[in-house]
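Participant: fold the following, please.
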Amino acid sequence: MSGTRLELDEATSLAPSAELNPLAHRLGAVTDSTPGRPGPGEPATGLAPGLALVAASAAVASAAGALLPALSPLVAAVAIGAVLTNVGLVPDSARPGLQFAAKRLLRAGVVLLGLHLAVGEVLALGGPGLLVVAAVVTATFFGTQSLGRMMGVSPSMSLLVATGFSICGASAIAAVEGVADADDEEVAFSIGLVTLCGSLAIVVLPLLAGPLGLAGDEFGMFVGASVHDVAQVVATASSHGPAAVDAAVLVKLTRVVLLAPMVAGVTLARRRSTVRARHGSGRDAATAAATPPVLPLFVVGFLVAIVVRSTGVLGDGTLELLGIVEKLLLTAALVGLGTGVHLAKLRRLGPRPLLLGLVSWILVAGTAYLGVLLVGT
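Facilitator: Residues are numbered from 1 along each chain as shown. Predicted structure coming up:
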């Protein structure tokens with residue numbers, strides 16, 4: 001009897017303690033209870049129902065995007081996921097696979113996003129162009145968060161909107177979601193906002209080109225610095241010819257490069273906040289274990305992908321194939337994210353985030369216009 005009691009005590013002392021690592025689940029630590037990852041003795045097929053649902057929904061979203069060029073497959077994916085969960089069509093057995101898609105597949109897609117970029121292409125923009133991109137991203141990112149505080153929008157929502165409008169729309173929002181501590185409803189709303197404004201830009205910005213005195217390369221630079229999604233950038237700039245499209249895409253992809261330092265900065269700020277909140281509580285060891293790395297692993301992968309693209313070892317066919325895989329991964333991930341959206345919570349967000357998104361759009365466009373004027377002079 002005493003031997004049995006001793007064995008139980010030893011087993012208990014060796015078991016992971018929730019008190020020692022309170023944020024392990026949130027940060028995606030690998031534990032036996034991690035959603036979407038089978039523990040010892042559990043069959044790997046636990047992910048199959050959810051991944052099957054994700055695959056079917058992502059196929060529908062991709063087809064919708066192909067049939068309706070104005071509709072982003074990423075937005076369609078979020079909408080499909082939200083509809084499925086709100087009409088009760090998501091079984092409990094699918095939840096592990098959906099959570100796996102929303103986290104793991106998302107990060108894999110962000111890594112492949114780096115293959116769009118080459119260091120030489122970015123440097124070809126020149127010093128003045130790089131300064132304009134940096135100024136637009138910085139002003140929009142910090143300005144939107146300041147406006148969000150003034151308007152009473154939650155810090156997590158303000159961060160998502162700021163990231164989406166300053167960097168690359170839905171992909172950037174999805175990348176920073178893991179460190180933003182945001183609800184699924186806030187993520188979905190932010191993606192909807194940035195897509196709405198990007199779609200409006202396709203119509204509005206070409207109409208403003210004449211009154212603003214922009215044409216050719218200047219208009220392309222303005223579009224690349226102020227519009228969020230690559231497809232929307234191409235659609236907006238195409239009204240002014242191939243030269244405008246080339247300039248717009250180059251500036252847009254240069255903005256994407258800043259995704260890595262932005263995620264690192266947000267993560268570092270959260271680390272410091274966590275340490276300050278727990279300082280003096282007697283849980284310094286737990287704090288050190290719980291805080292995330294300054295540069296998340298998927299962001300390191302994103303930077304490695306940029307380096308690989310820059311070496312030229314990948315042929316055009318390979319890059320095209322990996323680009324398709326990247327889009328499919330992000331679409332699948334946002335289906336999983338969409339299944340966490342509940343309409344009742346979405347309605348409670350109110351009109352303030354919508355107003356913040358519109359103001360942020362004006363801010364990024366205004367800053368981009370001023371930057372183009374300064375470079376032109």
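
Participant: thought residue 165 was touching residue 360?
Facilitator: Yes: the pair residue 165 / residue 360 is scored as a contact, 4.3 Å apart, by CB atoms under 8 Å. Using the backbone N, CA and C atoms, a C-beta is placed for each residue, glycine as well.

Participant: overlap of the contact sets of these two?
Facilitator: Contact criterion CB atoms under 8 Å, 6 or more residues apart in numbering; residues shared by residue 165 and residue 360: 140, 144, 197.

Participant: okay, and the last one sits in which element?
Facilitator: Here residue 197 sits within helix 184-212, counting by DSSP states H and E.

Participant: rewinding a little: which one of the shared contacts of residue 165 and residue 360 is nearest to residue 117?
Facilitator: residue 140 (19.7 Å; CB to CB).

Participant: give the contact list for the closest one.
Facilitator: So residue 140 contacts 162, 165, 166, 360, 363, 364, 367 (CB under 8 Å, 6+ apart).

Participant: any idea how far the residue lying closest to it once chain neighbours are set aside is from residue 304?
Facilitator: Ranked by CB to CB, 6 or more residues apart in numbering and with sequence neighbours excluded, the top spatial neighbour of residue 140 is residue 166, at 3.8 Å. For residue 166, the distance to residue 304 (CB to CB, to the nearest Å) stands at 23 Å.

Participant: please say which of these two ends up with more neighbours.
Facilitator: residue 166 (28 against 12; other CB atoms under 10 Å).

Participant: verify the stated contact: that one with residue 136.
Facilitator: Yes: using CB under 8 Å, residue 166 is in contact with residue 136, at 7.3 Å.

Participant: give me the common contacts of these two.
Facilitator: 255, 364.

Participant: in this protein, where is pLDDT below threshold?
Facilitator: 1-45, 274-295, 376-377 (pLDDT under 70).

Participant: of the shared contacts of residue 165 and residue 360, which is the nearest to residue 94?
Facilitator: Distances from residue 94 to these, taken by CB to CB, are shortest for residue 197, at 32.5 Å.

Participant: contacting residues for the closest one?
Facilitator: 165, 228, 357, 358, 360, 361.

Participant: with residue 176 instead?
Facilitator: With CB under 8 Å, 6+ apart, residue 176 has these contacts: 159, 160, 163, 262, 263, 266.

Participant: let's see it at 10 Å
Facilitator: 110, 156, 159-160, 162-164, 167, 182, 187, 190, 259, 262-263, 266-267, 299 (CB atoms under 10 Å, 6 or more residues apart in numbering).

Participant: mind listing what's buried in stretch 346-357?
Facilitator: Buried residues in stretch 346-357, counted by 16 or more other CB atoms under 10 Å: 346, 349, 353, 354, 356, 357.

Participant: which strands or helices does the helix or strand the fifth one falls within pack on?
Facilitator: So that's residue 356. For residue 356, the element it lies in under DSSP H and E is helix 352-376. Applying 3 or more CB pairs under 10 Å, 6 or more residues apart in numbering; DSSP states H and E, we find helix 352-376 packed against helix 126-151, helix 155-166, helix 184-212, helix 216-226, helix 242-257.
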